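Below is the sequence, then the predicted model.
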Amino acid sequence: MRLHELKTSAERRAVVEKESGAKLDAISRNSLPEDTRIENMVGATQVPLGIAGPVRVNGRDVLLPLATTEGALVASVSRGCRAITESGGCTAIVLKDAMTRAPVFRLPSAKEAVAFTAWVGSHFQEIKAAAEEGSSHLRLQAIRPWIVGRNAFLRFEATTGDAMGMNMLTIGCGKAVDYITAQTGADCVALSGNMCADKKPSALGLIEGRGKSVVVEAVLSAKTIKDVLKTTPERIVDVAYRKNLIGSALAGSHGFNAHAANIVAAMFIALGQDPAHVAEASQCFSLFEREGDGVHASVTMPDLPVGSVGGGTRLPTQREALAVLGAKTAREVAECVAAGVLAGEISLAGALSAGQLAKAHKELGR
Ligand code: NAP
């Protein structure tokens, strides 16, 4: 019997147990409804959930849900939250809001590819109407063309309300492509031509942004750095400069940060975001600069695809975690994730500059 022909998780589990010899008792215990929209469901994998914070974000004290198996992570983020909140909180600002999808078209020649992109530019309103037809939230903002040889890449940029928007835009983009091909005869080779760039680290995502582009900042006093982080402004700035900037440049890394992926992954899993987007969301800049007697700390995340509705946010445990976060809109989710990353970055930069990293992991992580 093929698994997809069975109606319930229990039936599929029985088959898997028989075929594999494994017992799925723990996997069977969960709160998920049967209609979770994945195929061949047999149960759920559980990840421990911890709460870091509170951290003051734009004047609101926020608790941060983190789903992780890494010991010391929740404690570390909590320490960063304390440093931020004792310093008066952080300010998070959404700079840009644009989900993207980029189909690739093959034209007979480079000359015709150029003419094709010119046609797209002069028919934006009709293409926009086709894209938005099936959604009450999708709003196409721009179509940006790139030509390589006789290939034309069209990068669709859209706002998607409070949804992360990848399904919404892919469906809308499909309708727009149907309209474009019917009008021009151009051959769409793939609805996603990787200039999106979805679920991959890319210079394009870092520079142009994708989903929400967010900056978050806090000013830490010398006293807070001494009391909470057990180090000095000079040391923390020096560690961040040599590690986040020089080390990342030497490695050819897009991640000009200490461990943003740790917090992004843990918050994405807890809050029902798509964990595959950690690949792009974790490329960000963590900067520490001297300010007064302390430090100006900031994190800039150009490529943060998040939502407060749709996708995995519908699941029961993820909805509860979103309620703990208290973020009702996609923008608020983005601001809180960025604040969590800032807290994690501050704490790790502090631990490294105080020589505490290995000690904390030995005590808390093993
Ligand atoms: P979605 O659940 O597919 O769509 C959001 C739904 O929520 C729409 O039906 C929308 O209505 C509705 N909605 C209600 N209130 C809304 C509000 N205030 N703002 C926005 N929408 C609202 O979610 P999605 O964010 O588009 O897609 C997320 C999923 O895409 C994730 O599961 C992710 O894993 C997956 N994904 C897909 C692709 C792909 O290529 N398809 C790629 C990466 C990830 P309307 O329809 O009327 O707008």
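Yes, it's here. Computed from a predicted model, the values in this text were never measured in an experiment.

Now do the contacts for the closest residue to Ser76 other than its chain neighbours.
Leaving aside its sequence neighbours, Ser76 sits nearest to Ser347 (CB to CB, 6 or more residues apart in numbering; 4.4 Å). C-beta: built from backbone N, CA, C; applies to glycine. For Ser347, the contacting residues are Ser76, Val77, Arg79, Gly80, Ala83, Leu229, by CB atoms under 8 Å, 6 or more residues apart in numbering.

buried stuff in stretch 200-217?
201-202, 204-206, 208-217 (16 or more other CB atoms under 10 Å).

Go ahead and measure how far it is from the middle of the chain.
On the basis of CA atoms, centre = their mean, to the nearest Å, stretch 200-217 sits 9 Å off its chain's mean C-alpha point.

near the ligand, anything from that stretch?
No. Stretch 200-217 stays clear of the ligand (CB under 6 Å from any ligand atom), getting no nearer than 9.8 Å.

what does stretch 277-295 give?
No. Stretch 277-295 does not reach the ligand (CB under 6 Å from any ligand atom); its nearest approach is 7.5 Å.

ok now that stretch, how far from the chain's centre?
16 Å.

can you give me the end-to-end distance of that stretch?
30 Å (CA to CA, to the nearest Å).

and if you look at stretch 145-164?
23 Å.

Same question for that stretch: list its buried residues.
By 16+ other CB under 10 Å, the buried positions in stretch 145-164 come out as 145-146, 150, 152-164.

For the stretch 101-250 of the chain, which residues are neighbours of the ligand?
Checking the stretch 101-250 of the chain against the ligand by CB under 6 Å from any ligand atom, the hits are 135-138, 160-168, 170, 198.

just these now: which is nearest Ala265?
Ranked by distance to Ala265 (CB to CB), those are led by Met164 at 15.5 Å.

Return the member of the contacts of Ser347 nearest to the ligand.
Val77 (24.5 Å; CB to the nearest ligand atom).

The closest one contacts Leu66, correct?
Yes. Counting by CB atoms under 8 Å, Val77 touches Leu66, with 6.4 Å between them.

More neighbours: which of those two?
Ranked by neighbour count (other CB atoms under 10 Å), Val77 and Leu66 place Val77 first, with 32 against 28.

Identify the residues contacting that one.
Residues in contact with Val77, defined by CB under 8 Å, 6+ apart, are Ala52, Gly53, Leu64, Leu66, Ile263, Gly340, Ala343, Gly344, Ser347.

Now, those residues that are in strands?
Cross-referencing the contacts of Val77 against strands under DSSP state E gives Ala52, Gly53, Leu64, Leu66.

Check these and tell me the two furthest apart.
Gly53 and Leu66 (9.6 Å).

tell me the helices in the stretch 151-300 of the chain, going along the chain?
166-184, 203-208, 222-227, 233-240, 248-251, 260-271, 278-281 (DSSP state H, counting those that start in this stretch).

average model confidence for the fifth one?
Spelled out, it's helix 248-251. Averaged over helix 248-251, pLDDT sits at 97.

What parts of the stretch 251-366 of the chain come near the ligand?
When proximity is defined as CB under 6 Å from any ligand atom, the stretch 251-366 of the chain approaches the ligand at Asp274, Gly307, Val309, Gly310, Gly311, Gly312.

same thing but 5 Å
Residues of the stretch 251-366 of the chain found near the ligand (CB under 5 Å from any ligand atom) are Asp274, Gly307, Val309, Gly310, Gly311.

Secondary structure and neighbour count added to those, as a markdown table?
Shown next, in a markdown table, are those (DSSP: H, G, I helix; E, B strand; the rest coil; neighbours: other CB atoms under 10 Å):
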| residue | secondary structure | neighbour count |
| --- | --- | --- |
| Asp274 | coil | 18 |
| Gly307 | coil | 28 |
| Val309 | strand | 17 |
| Gly310 | coil | 19 |
| Gly311 | helix | 20 |
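
Noted, bye for now.
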